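J.: Generate coordinates for the sequence data below:
(one chain, ligands or ions: 1)
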Amino acid sequence: MPRGVPRQAGRQEEPVSAVGNAIAELEAKRAQIDDAIAVLRAVDGGSAPVVLRSIAPAGTAQAAPKPANGKRKPGTWATPETWAQARKLYEAGTESATIAKQLNVTTAAIYYHAAHDKPRWKRPKAPAAATGDQLPGKVHCPHCQLWTEHDPCSNCGKKVRK
Ligand SMILES: [Zn+2]
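T.: Alright, predicted model coming up:
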């Protein structure tokens, strides 16, 4: 069989090199994907310069940073420094919503850290004057229908008693 030998050799080589090409192609793609993931991780980890700049001025109330990337999901980039800052504000009595705005994180994330960090974040004791008159017991607020022990209502701030 004079024609059998070259044909067999060709049939053995061709599929091998086709598979090899396919693998090489896939490996090239994988390298690209790995690079893309590395870039995204760097951004997610907060090492992007724009994020660091947005943390720096925190601490002054009106230095609330506008995230350069408005589409970024709040909290996805937050670093341990962000939470240290959030904790400081939280423990100074700053409203969670204000902290969230200032540090571009969600209030849910703040509550989560407040409850799960060790040690827990502590709220300062609310000044007595802010709670209004202490009522003898819990009453249903006629305005918001929630329980309150204070007048004005501790939930909606309206007068409970007429
Ligand atoms: Zn109320």
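
J.: Backbone torsions only: list them for Q134.
T.: phi -80, psi 130 (degrees, to the nearest 10).

J.: right, and it touches P152 too?
T.: No - when contacts are counted by Cβ atoms under 8 Å, Q134 is not listed as touching P152 (11.8 Å). All C-beta spots, glycine's among them, are computed from the backbone N, C-alpha and C.

J.: higher neighbour count, the two?
T.: Each of Q134 and P152 has its neighbours counted (other Cβ atoms under 10 Å); P152 has more, 17 against 10.

J.: Find the residue closest to R161 in space, skipping its chain neighbours.
T.: D151 (5.4 Å; Cβ to Cβ, 6 or more residues apart in numbering).

J.: ditto for Y90
T.: Leaving aside its sequence neighbours, Y90 sits nearest to W121 (Cβ to Cβ, 6+ apart; 5.0 Å).

J.: Does the one you found fall in a helix, a strand, or a coil region?
T.: Of the three states, W121 takes coil under DSSP: H, G, I helix; E, B strand; the rest coil.

J.: Counting neighbours, what do you get for it?
T.: 18.

J.: how much space is there between it and L89?
T.: 10 Å (Cβ to Cβ, to the nearest Å).

J.: Report the next helix or strand after the least confident helix or strand in the chain by mean pLDDT in sequence order.
T.: In the chain, no helix or strand scores lower on mean pLDDT, DSSP states H and E than helix 49-55, which sits at a mean of 44. Sequence-wise, the next helix or strand downstream of helix 49-55 (DSSP states H and E) is helix 80-91.

J.: Only the buried residues of that following helix, if you could.
T.: For helix 80-91, a neighbour-count test (16 or more other Cβ atoms under 10 Å) marks T82, W83, Q85, A86, R87, L89, Y90 as buried.

J.: Make CSV from the residues you listed and add distance to A38 and pLDDT to it.
T.: Listed next are the buried residues of helix 80-91 as CSV, based on distance: Cβ to Cβ, whole Å; pLDDT from 0 to 100:
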residue, distance to A38, pLDDT
T82, 22, 93
W83, 24, 95
Q85, 27, 95
A86, 27, 96
R87, 30, 96
L89, 32, 94
Y90, 33, 94
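
J.: residues in contact with A31?
T.: Residues near A31 by Cβ atoms under 8 Å, 6 or more residues apart in numbering: none.
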